[in-house]
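A.B. asks: give me a model of this one.
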Amino acid sequence: MRKAKKMSAHEKLDDQARELAALYAMRTLKEEARASYEAHLEVCLACRSEVDAMRGIVDQLAFPAAAEPGSDVQDRRIGPVHRPLGVEPRAQRPSFSFVRAQEKRWTATEILGVEVRILFTDPEGDRMTKLVRMGPGVSYPTHRHAGPEECYVVSGDLLVGDVALRAGDYQRAEEGTVHAVQSTREGCLLFIVSSMGDEAIKSRNA
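C.D. replies: Numbering: from 1, shown residues only. Below you'll find the model as predicted:
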């Protein structure tokens, strides 16, 4: 077996290094890339620290406490952007779930330049875990949250109203809140845990 080549240690992490750390923590690197990165972690304290921090965030976001949806959630589940994949009822699920990089492909949405990769869905708890990728110059439309939404910027930039987020930044929106149009200049990769029933809000000029 070919020994993985070690990368040199980082003095300061850039966006690419942070993205690799996040992808490793989320277990989405392919086998060869994972082996190479693990060899790098042996010599890079900065990346090891970043991975440890990412794992704490991923663990917290990926397994949120199940929230009972309100009585009107079903009526509000009209958002067309992220159509979830079906999963087994809770009683039939395995104790641990893993998603390999090659098992789930990126899927285009109705919004040009926005792709989604569904990692897990919990219809009973009304929760969905996903990666969202937005191309440079793309905007995400206004929507109302049917439940709490947590968003971690893995790489790139995201403009939320007047707030500019970069790689490593996190935002949380509570149930019933409305996100105005969000946009990205350079493109971005987002790790999101949200309700399955967010409502897309049409513009009055549409």
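
A.B. asks: hey, which helix or strand in the protein has the poorest pLDDT?
C.D. replies: In the chain, the helix or strand scored least confidently by mean pLDDT, DSSP states H and E is helix 73-76, which has a mean of 36.

A.B. asks: give the next helix or strand downstream of it.
C.D. replies: strand 107-108 (DSSP states H and E).

A.B. asks: who does the helix or strand following that following strand touch, helix- and strand-wise?
C.D. replies: As assigned by DSSP H and E, the chain's next helix or strand after strand 107-108 is strand 114-122. Packed against strand 114-122 by the contact rule (3 or more CB pairs under 8 Å, 6 or more residues apart in numbering; DSSP states H and E) you find strand 107-108, strand 127-134. C-beta coordinates here come from the backbone N, C-alpha and C atoms, glycine included.

A.B. asks: most packed of the ones you listed?
C.D. replies: The highest mean neighbour count among the helices and strands packed on strand 114-122, using mean count of other CB atoms under 10 Å, belongs to strand 127-134: a mean of 22.

A.B. asks: what residues are up against Ser97?
C.D. replies: Phe120 (CB atoms under 8 Å, 6 or more residues apart in numbering).

A.B. asks: what are the phi and psi values for it?
C.D. replies: Ser97 adopts backbone torsions of phi -120, psi 140, taken as degrees, to the nearest 10.

A.B. asks: how much space between it and Arg105?
C.D. replies: Applying CB to CB, to the nearest Å, the value for Ser97 to Arg105 is 18 Å.

A.B. asks: go on, Asp14?
C.D. replies: 27 Å.

A.B. asks: before we move on, what about Ser183?
C.D. replies: 25 Å.

A.B. asks: same thing with Ser195?
C.D. replies: 23 Å.

A.B. asks: neighbour count winner among these two?
C.D. replies: Set Ser195 next to Arg105 and count neighbours by other CB atoms under 10 Å: Ser195 wins out with 23 against 9.

A.B. asks: need the pLDDT of the nearest residue to Leu119 once chain neighbours are set aside.
C.D. replies: Take Leu119 and drop its neighbours on the chain: the residue closest to it by CB to CB, 6 or more residues apart in numbering is Thr129, 4.5 Å away. pLDDT for Thr129: 92.

A.B. asks: could you do Met196 as well?
C.D. replies: 90.

A.B. asks: give me the pLDDT for Val132.
C.D. replies: Reported pLDDT for Val132: 94.

A.B. asks: which non-adjacent residue is nearest it?
C.D. replies: Leu190 (4.4 Å).

A.B. asks: against Glu110, how distant is that neighbour?
C.D. replies: In terms of CB to CB, Leu190 sits 17 Å off from Glu110.

A.B. asks: so for the two, which residue has more residues nearby?
C.D. replies: Leu190 (22 against 12).

A.B. asks: dump the residue contacts of the more buried one.
C.D. replies: Leu131, Val132, Arg133, Met134, Cys151, Tyr152, Val153, Val154, Leu158.

A.B. asks: for the residue nearest to Glu11 when sequence neighbours are not counted, helix, strand, or coil?
C.D. replies: Counting by CB to CB, 6+ apart, Glu11 lies nearest to Ala46, which is 7.4 Å off, once chain neighbours are set aside. With DSSP: H, G, I helix; E, B strand; the rest coil as the basis, Ala46 sits in helix.
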